[in-house]
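> quick one, what's the 3D model for this:
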Amino acid sequence: MTIFHPLFPRRQPDASPTDARVLNWAKNTTLAEASAVTVPETEAQLQAVIVNCRGKIRIMGSRMSPGRMLAVSNPDDVLVDLSRMRGVLAVDDDSVTFAGSTPMHEVYEVLTSMNRMLNASPGVIASQTLAGALSTGTHGQGLQQSAIADDALNIRFVDGNGHLHNMDRSHPWFGAVQLGLGTLGAITAVTLRTRPSALYTCFKDAVSADTLAEDLAQWNQTWTFSKAWWFLEENKVHTWNAREANEEERSAWEQNHGDLVTLDDTRDEMNQAVDKTLQHMRNDTRIVDENGKPFRTVTRFKDFSDVIGDVYQVFCRGIATPQINIEIGVPLANAPAAIARIKAWYAKTHPHMHYPIILRCTGPSDAWLSPSWQTPTCYFGFVVYYAEDGSLSEEGLEFLRAVEPLLAEEGGKPHWGKYFDPRLYDWSACYPQWSAFQEVRQAFDPRGIFLNDFLAEVMS
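Numbers count the residues shown, from 1 in each chain. Alright, predicted model coming up:
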């Protein structure tokens, strides 16, 4: 029997801080009653929680994922808060080990203080926990890197029997543990490969979308990091393309006391497109404050300038605000066909666009359940922000409903930490290692205690 999970749930903006329920970050799903939350402070306490649990267990992390991934529903179920298990655990010449519940912004701050960085470009938002970022496939932009999970050298976790494991890249099951959706166990520590920090100059531009398919490949082959926003109505693309800074650019950054340098030459080619998008967003969300968070996410494209900074200063620039976010990874070879299909759909329907399409590419990933497993991938991202009353723009949602099937037909696979319609995907066809992953999951969690209702349905 298929269990119904609302794909785009209404938000509960009036939920009280003293509410007896625990909601996900977007406040659109109840994860559990507050009484179901337990807060272990050590691995031994976590092991005891798992061994003694008579129901299901989910790890709440920063609660950024869709609620259906995290929710528990029965009286014996447990929602585990590992927030007291965070921080640096060990350092050597080429790696740093962090507790699994360390927020990504703390990971980046620590690495920056050591003059180090990850090879993986950061995700837009840095409030996820490290374990959550690995477990859902958080990634950056650029073909020379992939998911954050691909920088993991060792992962320590407690399995469904309460047993503790230290698994490194030499283990044949490491690809399963890198991105396990929280179904293999509770991650307590991750050793990350690091390299010396570098500075980057990010060149911003506005170009026609007429040749987007060809340009997308060229940008990603030419630049170290590349990200683009496709404004369908205006047939324009705003690009951020970055390379390592030269000596003069590095000097400018140092003279700015290590803060992001914004160059003086500003350009206004995106202003008209941004103003039109802002009008749609204001109409859709009915948010009165013209400087509200959703609007700031796109206002930054007006009067844009090139910048110099470290990779976190340049790309970790997201503004966390409640939204429905779908991101589908399409094999890079299929991206031109996906772009053509989106253009044809738009030419036929002419809806207004709530937000531009976000385009980020990555190199191949080693994680078995990564949409980028063994193949360069283009991620197509779509956002619809919640209205003031917790509702969502029907026109915006209609676009999401239309575009996800198009991308699925082009070999697209969803980002696990965002919203998606599971009915569109044959998981064993999407992921050649699907059966192998199930065997690993059974070995580590024979009781299935890490499977809530939604994940049990996906894994069936």
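> return the set of buried residues in the helix-or-strand element of the chain with minimal mean pLDDT.
Ranking every helix and strand in the chain by mean pLDDT, DSSP states H and E puts helix 293-299 at the bottom, with a mean of 88. Across helix 293-299, burial judged by 16 or more other Cβ atoms under 10 Å covers 294-295, 297-299. C-beta: built from backbone N, CA, C; applies to glycine.
> gap between the closest residue to residue 30 other than its chain neighbours and residue 64?
Residue nearest to residue 30 in three dimensions, not counting chain neighbours: residue 21, with 4.7 Å by Cβ to Cβ, 6 or more residues apart in numbering. Between residue 21 and residue 64 the computed distance is 18 Å (Cβ to Cβ, to the nearest Å).
> who has more neighbours, those two?
The neighbour comparison of residue 21 against residue 64 (other Cβ atoms under 10 Å) goes to residue 64, with 23 against 14.
> just confirm residue 221 contacts residue 143, I think it does.
Yes - Residue 221 lies in contact with residue 143 (Cβ atoms under 8 Å); the separation is 6.8 Å.
> higher neighbour count, these two?
residue 143 (22 against 12).
> name the residue closest to the centre of the chain, please.
Compute the mean C-alpha point of the chain, and by Cα atoms, centre = their mean the closest residue is residue 138, 4.1 Å away.
> flag the shaky bits of the protein, pLDDT-wise.
1-5, 14-18 (pLDDT under 70).
> can you give me the helices for the stretch 51-200 of the chain?
In the stretch 51-200 of the chain, the segments counted as helices under DSSP state H, counting those that start in this stretch are 67-70, 104-113, 130-136, 174-178.
> contacting residues around residue 334?
Going by Cβ atoms under 8 Å, 6 or more residues apart in numbering, residue 334 touches 410-412.
> just the closest of the buried residues of helix 293-299 to residue 265, please.
residue 299 (19.1 Å; Cβ to Cβ).
> how much space between the closest one and residue 183?
39 Å.
> ok, residue 210 next?
44 Å.
> what about the closest residue to residue 75 other than its chain neighbours, how many residues nearby?
Leaving aside its sequence neighbours, residue 75 sits nearest to residue 55 (Cβ to Cβ, 6+ apart; 7.3 Å). Using other Cβ under 10 Å, residue 55 is surrounded by 14 other residues.
> give the contact list for residue 55.
Applying Cβ under 8 Å, 6+ apart, the residues contacting residue 55 are 72, 74-78, 449.
> tell me which two of the residues you listed sit farthest apart.
Across the contacts of residue 55 (Cβ to Cβ), the longest gap, 14.7 Å, separates 75 and 449.
> more neighbours: which of these two?
The neighbour comparison of residue 75 against residue 449 (other Cβ under 10 Å) goes to residue 449, with 21 against 10.
> tell me the phi and psi of that one?
Per-residue torsions, residue 449: phi -70, psi -20 (degrees, to the nearest 10).
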